[in-house]
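Asks: requesting a structural model of the entry that follows:
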Amino acid sequence: MPNKMERFTQRARQVLMLAQQAAEQLQHGHIGTEHLLLGLLRESGGVAGHVLRTMGLQEQSAEALARELSHAGSLSTGSQLDLSDGTKKVLELAVDEARRMGHHYIGTEHLLLGVTRQSDSVAVEILRRQNIEVNALRQQIRQVMQQPPPEPATAPPAQKQTTFPTPEQLRERCLSIIENTVKIYGHVISTITQEQAQTWRDQNDAPNGWTALEVLGHVADYDQIFYERALMILEQEYPQLPDYDHNALVVERAYNQQDKAEVYARLVESRRRFVELFRSLSIEQWKRAGVHAERGHFTLWDALMQVATHDTRHLEQLTRIIAEATP
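Replies: The predicted structure is shown next:
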């Protein structure tokens, strides 16, 4: 795509160079989406690298997974590295993302959006294994891009300004997102009856997959669990955070026997308390942490991001349940 490559910013072109270097370092036979993801992460000044680090992607773990999962084969002596078909597709999707947004340049943010649309790629598998939800990542990219778009790379350095949100602004954006997500849960659950909510199940886990009502009950209690964990972190020095068997809670608390409207009302209230608490935190309080049974060091920022990605996963599950059961 020679004509389109002219529209790539200097940072986007640098990502492609870094992707090639990553493939060479790993002794892989072509430049795959996994190498492109490493290039995006290593290009520290662009929107994509900033967002990936904000979402918790670590270079060392991403590189280890690229080494483990890559299908690129081995690099032969003196061979020329070509782009894989998947990487070529990502570049095409990046161009499409820029076109949809009315942007006349293609930056690192468009490349990362292109990566997220290749659902069967190694790069997306790396993100999944790092507990980064693709939809949450896309949402975060678009949130950051609400800032005035950066100047194209052809602009003189003196005129080139890229403004990134502060940590406080990122936290507020995340809080606003999860605040509004509750309304989406309400809209989705209102499209089905009480009986349907109790009988329509997630076929991905058949025959014992959760019903729509059990999903809603789980989300409502999840907020309460993270609210209580946050209080522990604020009140104690590096506490050991309790773990929960969420499948057991579904049975113990009989989610499927509860009234749909009452469960949603509980979700609205638990989300209100959660957001209210996290909005009240000082800069110093955001740095406090506890010990999570699976994740280890667990900060209040980790808690906020986990609730946000958790929302995305279960909204997808809820809409899938309804879609699969609707004639």
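Asks: so for residue 150, what's the pLDDT?
Replies: Note for residue 150: predicted pLDDT of 44.
Asks: packing partners of the longest helix along the chain?
Replies: The helix that spans the most residues within the chain, counting by DSSP state H, is helix 300-325. Judged by 3 or more CB pairs under 8 Å, 6 or more residues apart in numbering; DSSP states H and E, helix 300-325 is in contact with helix 134-144, helix 167-189, helix 212-235, helix 260-279, helix 283-286, strand 289-292. No exception for glycine: its C-beta is placed from N, CA and C like everyone else's.
Asks: what is the burial count for residue 35?
Replies: Neighbour count of residue 35, defined by other CB atoms under 10 Å: 31.
Asks: pLDDT at it, what is it?
Replies: So, for residue 35, pLDDT stands at 91.
Asks: contacting residues for it?
Replies: 19, 20, 22, 23, 26, 28, 66, 70, 72, 87 (CB atoms under 8 Å, 6 or more residues apart in numbering).
Asks: circling back to that earlier point, and the longest helix of the chain, which residues are buried?
Replies: For helix 300-325, burial by neighbour count (16 or more other CB atoms under 10 Å) applies to 300-312, 314-315, 317-318, 321-322.
Asks: where's stretch 9-27 relative to the chain centroid, distance-wise?
Replies: Distance of stretch 9-27 from its chain centroid, counting by CA atoms, centre = their mean, to the nearest Å, is 23 Å.
Asks: CA atoms only for it, dumped as CSV, please.
Replies: The C-alpha trace of stretch 9-27 is given here as CSV (Å, rounded to 0.1, in the frame of the first residue of the first chain):
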residue,chain,number,x,y,z
THR,A,9,2.9,9.2,11.0
GLN,A,10,6.6,8.9,12.0
ARG,A,11,5.6,7.1,15.1
ALA,A,12,3.5,4.6,13.2
ARG,A,13,6.5,3.9,10.8
GLN,A,14,8.7,3.6,13.9
VAL,A,15,6.3,0.9,15.2
LEU,A,16,6.8,-1.1,12.0
MET,A,17,10.6,-0.8,12.4
LEU,A,18,10.3,-2.0,16.0
ALA,A,19,8.1,-4.9,14.9
GLN,A,20,10.8,-6.0,12.5
GLN,A,21,13.4,-5.8,15.2
ALA,A,22,11.2,-7.8,17.5
ALA,A,23,10.8,-10.5,14.9
GLU,A,24,14.6,-10.6,14.3
GLN,A,25,15.4,-10.7,18.0
LEU,A,26,13.0,-13.7,18.5
GLN,A,27,14.5,-15.3,15.3
